[in-house]
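*Asks:* Next input, structure requested:
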Amino acid sequence: MSDVNPHYLDHVVKLSETSDIEASEDIVSGTGMKLLAKGAKIDARARERLLEFRLSKPLENMMRVVGGTDPAVFHPLAETLLARHALLRGICASVPGFDPIAILKALQLSDNVQSLLSVYAGQGTGKLEHAVGVAVITPALGGSLAANPADTTSLVIAALTHDVGELYIDPAYLASGVKLSSQQWKHVATHPIVGSHVLAAMPGAGPRIASVVLAHHERLDGFGYPQGTLGTSLSMAGQMVAVAEMLMGLMESGRHASQRAAVAMRLVPGEFHRRFVDRVMQGARADTAAAEAGSVDHDSGGLATRVSGMAATNAHVRRKHLEVEEQMARY
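*Replies:* Below you'll find the model as predicted:
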């Protein structure tokens, strides 16, 4: 049986204001009571009824967003991102024959995964763009590791869905600029676990994709979260998504992404597999060379200040990690 997460359901209800959301099958409680018939609308009127009962299986597997996020929108978004970010182009160009647009054009998603992404994209501008950016970078980092089409598809789906666990977290904790207590941070830090749990039971995803999503904030040195997975216990696929998300965050945060990526990848030795560090450095060098050829000012004078800031941030994150571990040990 499955409880309905109120935060997730609130996102569904909000999306229902602009999109039709319906039961893809009869929604039944754990005791066999029919709550909604197949085809019934899922909106604000259904909210309390769905929260009142435990369901026979996850709500995410029994609903459909009509005309939701179609995979056909992914490759135009990817083209926009490639045109905008030289570092992204450099990383993709570092893999002979790699064509992210072709990969995204060939991608097929189950109705359940498609609907989950629709709810995720409905949180606000930039969410789907971020997911697509991570989905472009991830297989590029893998190179020959992702040569098998089935492996590539799994990687791309994991990359697209890596942050769906945020749908189940109190939105107040995710708001920009909010200062969190250790207990609140512990709540936020569970989002890879929650996302993994949802995807493990979802048609079109499954345990393999779920395990990658679980690892997308882990680090080889054990200072990631939520599990502090160390060394060889961390899968290569999980590392790819972790690096890809970090890089996408740098590109979204402003100028000089290549320089900042080069610094970030070397700031804490042992955080990432050397293979991925080399791939990123290769892409960053290509961007820097192109910029120098075009006489673009990279503001090298301010780099030391940014490095110091990144080091301070890294130290802060590590302290927070230890605080969270202490908090978790009490439960």
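
*Asks:* Name the nearest residue to the residue most central in space within the chain, sequence neighbours excluded.
*Replies:* In the chain, the residue lying closest to the centroid (Cα atoms, centre = their mean) is His162, at 2.9 Å. For His162, ignoring the flanking residues on the chain, the nearest one in space by Cβ to Cβ, 6 or more residues apart in numbering is His216 at 4.6 Å. Where you see a C-beta, it was placed from the backbone N, CA and C, and this is true even at glycine.

*Asks:* for the one you found, phi and psi?
*Replies:* Torsion angles at His216 (phi, psi; degrees, to the nearest 10) stand at phi -70, psi -10.

*Asks:* Please report the distance of it from Leu160.
*Replies:* Using Cβ to Cβ, to the nearest Å, His216 is found at 12 Å from Leu160.

*Asks:* follow-up on the earlier one: OK, contacts around the residue nearest to the centre of the chain?
*Replies:* Contacts for His162 were tallied using Cβ atoms under 8 Å, 6 or more residues apart in numbering; they are Ala131, Val134, Pro192, Gly195, Val212, Val213, His216, Val241, Glu245.

*Asks:* if you set the cut-off to 10 Å instead, what comes out?
*Replies:* 130-131, 134-135, 138, 191-192, 195-196, 199, 209, 212-217, 238, 241-242, 244-245 (Cβ atoms under 10 Å, 6 or more residues apart in numbering).

*Asks:* same deal with Asn148?
*Replies:* Counting by Cβ under 10 Å, 6+ apart, Asn148 touches Ser154, Leu155.

*Asks:* What's the separation between it and Ser24?
*Replies:* From Asn148 to Ser24 the distance is 31 Å (Cβ to Cβ).

*Asks:* now the helix or strand encompassing Ile137: how far from the chain's centre is it?
*Replies:* Using DSSP states H and E, Ile137 maps to helix 127-142. Its chain's average C-alpha position is 9 Å from that of helix 127-142, according to Cα atoms, centre = their mean, to the nearest Å.

*Asks:* which secondary structure elements does it contact?
*Replies:* Applying 3 or more Cβ pairs under 10 Å, 6 or more residues apart in numbering; DSSP states H and E, we find helix 127-142 packed against helix 74-84, helix 86-93, helix 100-106, helix 111-121, helix 149-160, helix 236-252, helix 274-293.

*Asks:* got those as TSV, with distance to Leu9 and mean pLDDT columns?
*Replies:* Putting those into TSV (distance: least, Cβ to Cβ, whole Å; pLDDT from 0 to 100) gives the following:
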stretch	distance to Leu9	mean pLDDT
helix 74-84	26	97
helix 86-93	35	92
helix 100-106	30	96
helix 111-121	10	97
helix 149-160	22	93
helix 236-252	26	92
helix 274-293	37	73
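
*Asks:* between those helices, which gets nearest to Ala46?
*Replies:* helix 111-121 (14.9 Å; Cβ to Cβ).
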